[in-house]
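Undergrad: the following comprises the amino acid sequence and a computationally predicted model.
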Amino acid sequence: MDKVKKTKAEWKEILTEEAFYICREKGTERPFSGEYNSHKKKGIYSCVCCGATLFSSEHKYESGSGWPSFWAAAGKDAINNLSDLSHGMRRTEVVCSYCDSHLGHVFEDGPEPSGLRYCINSVSLHFNEEE
């Protein structure tokens, strides 16, 4: 998949106001408010902005954080990790590698086998149920 580039105006045309705020302006949805926090169906979670495959339900787990959590991405090329020093914290931001959409953050307090917790905003995802 090629890199997706759009202007701010183009993103505003295709995304909801909330999705634009979270995905393009690095916002965060309130904990326990997202559609996919307690979601249990089998399938693939893709980027709401460009449709790229990001996470599998096979890697989803209940972290208690209030956001959908995964212990692995769908593939090594699905996401990029960026340094985030905002809000007086040192974190690792997770973005879609195809359109640079802000997804959430990754922490090193997840379950085995990776030990990672990808803490992702539901609004940044689209779910494709397995048939």
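TA: Now that the structure is in, tell me what you want to look at. Residues are numbered from 1 along each chain as shown.
Undergrad: what is the subsequent helix or strand relative to the lowest-mean-pLDDT helix or strand in the chain?
TA: When each helix and strand of the chain is scored by mean pLDDT, DSSP states H and E, strand 79-84 comes last, with a mean of 89. Downstream of strand 79-84, the first helix or strand assigned by DSSP states H and E is strand 91-96.
Undergrad: show me what that next one is packed up against.
TA: Applying 3 or more CB pairs under 8 Å, 6 or more residues apart in numbering; DSSP states H and E, we find strand 91-96 packed against strand 79-84, strand 102-107. C-betas here are computed from N, CA, C, even on glycine.
Undergrad: reformat those as TSV; add distance to residue 65.
TA: Formatted as TSV, the helices and strands packed on strand 91-96 follow (distance: least, CB to CB, whole Å):
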stretch	distance to residue 65
strand 79-84	16
strand 102-107	9
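Undergrad: and those: which comes nearest residue 15?
TA: Among the helices and strands packed on strand 91-96, strand 102-107 comes nearest to residue 15, with 11.9 Å by CB to CB.
Undergrad: for the least confident helix or strand of the chain, packing partners?
TA: strand 91-96, strand 102-107.
Undergrad: output the first one as PDB, nothing but the C-alphas.
TA: The C-alpha atoms that make up strand 91-96 are tabulated as PDB, following Å, rounded to 0.1, in the frame of the first residue of the first chain:
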ATOM      1  CA  ARG A  91       5.800   8.000  25.900                       C
ATOM      2  CA  THR A  92       5.800   6.200  22.500                       C
ATOM      3  CA  GLU A  93       3.100   7.200  20.100                       C
ATOM      4  CA  VAL A  94       1.700   4.700  17.700                       C
ATOM      5  CA  VAL A  95       0.700   5.900  14.200                       C
ATOM      6  CA  CYS A  96      -0.500   4.200  11.000                       C
END
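Undergrad: deepest-packed of the helices and strands packed on strand 79-84, please.
TA: strand 102-107 (a mean of 23; mean count of other CB atoms under 10 Å).
Undergrad: so which residues make contact with that strand?
TA: Contacts with strand 102-107, where a contact means CB atoms under 8 Å, 6 or more residues apart in numbering, come from 22-28, 47, 54, 67, 79, 81, 84, 91-96, 116-121, 124-125.
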